[in-house]
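Asker: With the sequence up front, the predicted model follows.
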Amino acid sequence: MSWNVMWRLSVMMFLQYAIWGGWAPVLSAYLLNDLKFDSTQMALVNGLFPLAFLVASFVIGQVADRYLPTQWVMGALHLLGGVALLLMGNTTAFGPIVAFMLIYSLCYTPTLALSNSISFHNMKNPERDFGFIRVWGTIGWIAVCWALSYIRNHYEPIQADCVKISGVASLAMGVFCFFLPHTPPKKESESPWAFLKAFTLFRNKAFTTFMVISFVVVTELQFYYILTAPFLENIGVKHANVPFWMTLGQLAEIVTMAVALPLLLPRLGVRWALAIGVIAWPIRYIIFAIGTPVWLVIASLTLHGVCYVFFFTVGVVYVNSVAPQDIRASAQSLLALITLGVGSFLGMQFAGFIMKVFTSRVGETVVTNWRGVFIVPVVLTIACAIAFLIWFRPEKAAAVAQD
């Protein structure tokens with residue numbers, strides 16, 4: 001991979017995840033604490049993001065696989081999504097926020113799979129090179145969170161600062177996409193329907209097992225994504241510092257992706273690398289359930305880096321390895337649909353429901369039993385880890401790609 005291609009893919013990943021990182025860690029706290037939405041409304045607004053995968057992923061994957069260059073599709077989507085975010089940042093009413101969040105989500109969610117597809121298309125050795133490119137996405141997430149904490153600590157409060165900073169990053173990404181390496185569609189493929197062909201991957205038991213367990217794991221991941229910010233504020237972490245402390249997970253992600261993953265993946269193989277990611281989840285939730293001391297809870301945020309890299313990043317590489325070349329954008333969209341789409345949406349509603357079950361009003365004070373909340377994902381992620389080790393056998397999966 002040439003330097004010219006490497007730096008453009010790195011900047012792409014930086015901006016791609018800076019957009020997401022600007023709002024995702026703290027949107028729940030903004031909706032609950034600043035706008036005074038209840039937990040059901042909060043879960044619904046957050047849930048629009050994964051719900052968009054159900055509508056957009058395969059449609060956009062099909063367009064990129066068969067009709068238009070991937071970088072053109074990404075550029076148009078990010079420009080429109082940036083406008084939606086800026087409009088969302090200028091309203092406090094529930095209805096308009098739902099509308100603008102839905103538009104943004106429909107634009108942004110397909111680009112997660114497309115950015116992976118562009119990367120793999122321009123790499124000679126994805127297993128070796130993808131981690132070094134993808135790590136710039138984590139750096140982008142950290143950079144925007146630190147910028148948000150700096151703004152909150154040094155300037156007067158800005159309404160919806162987390163949404164607006166993501167909107168600006170989205171517009172910048174939209175422009176930059178038109179300078180990415182050219183990634184043309186595979187018009188000469190025998191099958192015109194790439195997204196339908198992607199479903200043939202389910203003929204392989206290992207792939208099906210991976211997808212099913214990924215789905216369940218992602219539902220439990222939402223306890224981290226949408227509840228950590230209000231949880232940290234509840235146990236005494238300063239509101240302005242929450243974005244900063246939550247980047248500990250991304251800092252650990254950098255080390256894991258740049259050092260541990262290239263070192264361990266070739267030696268352990270996909271099965272055991274994925275197992276490390278699954279096992280790290282219940283450890284983190286056990287610490288959350290204990291809830292004290294605060295320094296231990298904050299330190300446990302670093303486990304997110306291990307969870308994310310060894311499950312999701314390795315999972316992306318695994319799907320790329322079993323998918324035929326002419327449907328790789330659609331195969332990545334299939335993974336995104338099941339995990340970031342269906343799994344995340346149901347997981348957010350489930351997390352919001354569990355929080356509501358363990359929340360009560362004492363006089364004028366709303367009290368949440370966080371130990372009860374986090375015991376639920378502890379049990380479910382332990383079950384996933386056991387099931388994964390018993391049933392996932394990826395050695396035979398490659399046969400599907402040859403059909």
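Answerer: Thanks, I have the structure now.
Asker: what about Lys36, how many neighbours?
Answerer: For Lys36, the neighbour count with other Cβ atoms under 10 Å is 9. Bear in mind the C-beta positions are built from the backbone N, C-alpha and C, glycine included.
Asker: meant to ask about Val294, not that
Answerer: Neighbours of Val294 (other Cβ under 10 Å): 13.
Asker: That one contacts Val237, correct?
Answerer: Yes. Counting by Cβ atoms under 8 Å, Val294 does reach Val237; the two are 7.0 Å apart.
Asker: Next one: the residue found closest to Pro25 once you drop the neighbours it is linked to in the chain from Thr228, what distance?
Answerer: Nearest residue to Pro25 in three dimensions, chain neighbours excluded: Met246, at 4.5 Å (Cβ to Cβ, 6 or more residues apart in numbering). Between Met246 and Thr228 the computed distance is 6 Å (Cβ to Cβ, to the nearest Å).
Asker: Residues that sit against both of the two, list them.
Answerer: Shared contacts of Met246 and Thr228, defined by Cβ atoms under 8 Å, 6 or more residues apart in numbering, are found at 25, 301.
Asker: next one: phi and psi at Pro293?
Answerer: Per-residue torsions, Pro293: phi -70, psi 170 (degrees, to the nearest 10).
Asker: can you check Ala93 too?
Answerer: Here Ala93 shows phi and psi, under degrees, to the nearest 10, equal to phi -80, psi 140.
Asker: got it, and Leu180?
Answerer: Note on Leu180: backbone dihedrals following degrees, to the nearest 10 are phi -80, psi 160.
Asker: before we move on, back to that, quick one: the residue nearest to Pro25 and Leu227 touch, right?
Answerer: No. In this structure, Met246 is not within contact of Leu227 by Cβ under 8 Å, at 11.8 Å.
Asker: Dump the helix or strand hosting Val319 to CSV, restricted to CA.
Answerer: Assessed by DSSP states H and E, Val319 sits inside helix 314-322. Taking Å, rounded to 0.1, in the frame of the first residue of the first chain, the C-alpha atoms of helix 314-322 are listed here in CSV:
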residue,chain,number,x,y,z
VAL,A,314,-11.5,-8.9,14.0
GLY,A,315,-15.1,-9.6,13.0
VAL,A,316,-14.8,-7.2,10.1
VAL,A,317,-11.6,-8.9,8.9
TYR,A,318,-13.3,-12.3,9.3
VAL,A,319,-16.3,-11.3,7.2
ASN,A,320,-14.0,-9.8,4.5
SER,A,321,-12.1,-13.1,4.4
VAL,A,322,-15.2,-15.2,3.7
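Asker: That one packs against which elements?
Answerer: helix 94-121, helix 126-154, helix 205-234, helix 261-290, helix 328-336, helix 398-401 (3 or more Cβ pairs under 8 Å, 6 or more residues apart in numbering; DSSP states H and E).
Asker: roughly how far is that helix from the heart of the chain?
Answerer: Chain-centre distance of helix 314-322: 16 Å, with Cα atoms, centre = their mean, to the nearest Å.
Asker: For stretch 78-93, buried residues please.
Answerer: Residues of stretch 78-93 classed as buried: 78-89, 91 (neighbour count, 16 or more other Cβ atoms under 10 Å).
Asker: Now do it: distance to the chain's middle.
Answerer: Relative to the centre of its chain, stretch 78-93 is centred 20 Å away, using Cα atoms, centre = their mean.
Asker: could you give the angle of the helix holding Val319 to helix 261-290?
Answerer: Inter-element angle recorded for helix 314-322 and helix 261-290: 140 degrees (by axes from the mean of the first three to the mean of the last three Cα atoms, to 10 degrees).
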